[in-house]
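Q: sequence? don't have it. structure:
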């Protein structure tokens, strides 16, 4: 990141940082940043990702690490302001990146609850009471549909677990 803070034009510096924060975990063509080498951008992204993960995604710790560097104070302030303005997007992309690296990402879900009135039917019920349909995206980008079903015994365990959280 040292090379980024050596950019002389403040406007160019700000534009490069905005592009990096917007595409931190995604590779991007350097056509939007023609004055900066692609390798410099990738190294800066990797350093920022390392700082974020070393600070355990705590924004205050990240700011402290950035402030501790020997960079131009005006550019540090600009960087911290951009980071603050984009913190939701940065943390969301970090979460998605981590989640996609180790498991599938949930794109959407829907659930169905079947209500049974009367205790005599409940004792003889053989079909699921709760169904959860999830659409996930695996590492290679292929969407999957997953169906989870919970019968009365599993539903009772879920309810008891939720009630014990009080």
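A: Yes, it's here. Source: prediction; values computed, not measured. Numbering: from 1, shown residues only.

Q: contacts and neighbour counts: CA atoms only from here.
A: Noted.

Q: can I assume residue 83 is in contact with residue 21?
A: Yes - using C-alpha atoms under 8 Å as the test, residue 83 is close enough to residue 21 to be in contact (7.4 Å).

Q: joint contacts of these two?
A: Jointly contacting residue 83 and residue 21 under the rule C-alpha atoms under 8 Å, 6 or more residues apart in numbering are residue 90.

Q: quick one: residue 85 from residue 50, how far?
A: 20 Å (C-alpha to C-alpha, to the nearest Å).

Q: could you do residue 1 as well?
A: 11 Å.

Q: and for residue 131?
A: Counting by C-alpha to C-alpha, the gap from residue 131 to residue 50 is 40 Å.

Q: okay, the two: which has more neighbours?
A: Using other C-alpha atoms under 10 Å, the more surrounded residue of residue 131 and residue 50 is residue 131, with 16 against 12.

Q: A strand includes that one, no?
A: Yes - assessed by DSSP: H, G, I helix; E, B strand; the rest coil, residue 131 belongs to a strand.

Q: give the contact list for it.
A: Residue 131 neighbours (C-alpha under 8 Å, 6+ apart): 111, 112, 113, 147, 148, 149, 150.

Q: what does the pLDDT read for it?
A: You'll see residue 131 listed with a pLDDT of 86.

Q: show me what it is bridged to.
A: The partner list for residue 131 in beta bridges (DSSP bridges) reads residue 112, residue 149.

Q: again, but for the one 4 residues further on
A: The bridge-partner assignment for residue 135, based on DSSP bridges, gives residue 108, residue 145.

Q: near it, how many other residues are there?
A: Neighbours of residue 135 under the rule other C-alpha under 10 Å: 17.

Q: what sits against it?
A: Residue 135 neighbours (C-alpha under 8 Å, 6+ apart): 106, 107, 108, 109, 143, 144, 145, 146.

Q: the fourth one: what's it in contact with?
A: Neighbouring residues of residue 109 by C-alpha under 8 Å, 6+ apart: 132, 133, 134, 135.

Q: swap the cut-off to 10 Å and go again
A: 132, 133, 134, 135, 136, 145, 146, 147 (C-alpha atoms under 10 Å, 6 or more residues apart in numbering).

Q: please tell me how far the fourth one sits from residue 114.
A: It refers to residue 135. According to C-alpha to C-alpha, residue 135 and residue 114 sit 21 Å apart.

Q: what does the last one give?
A: Using C-alpha to C-alpha, one obtains 15 Å as the distance from residue 147 to residue 114.
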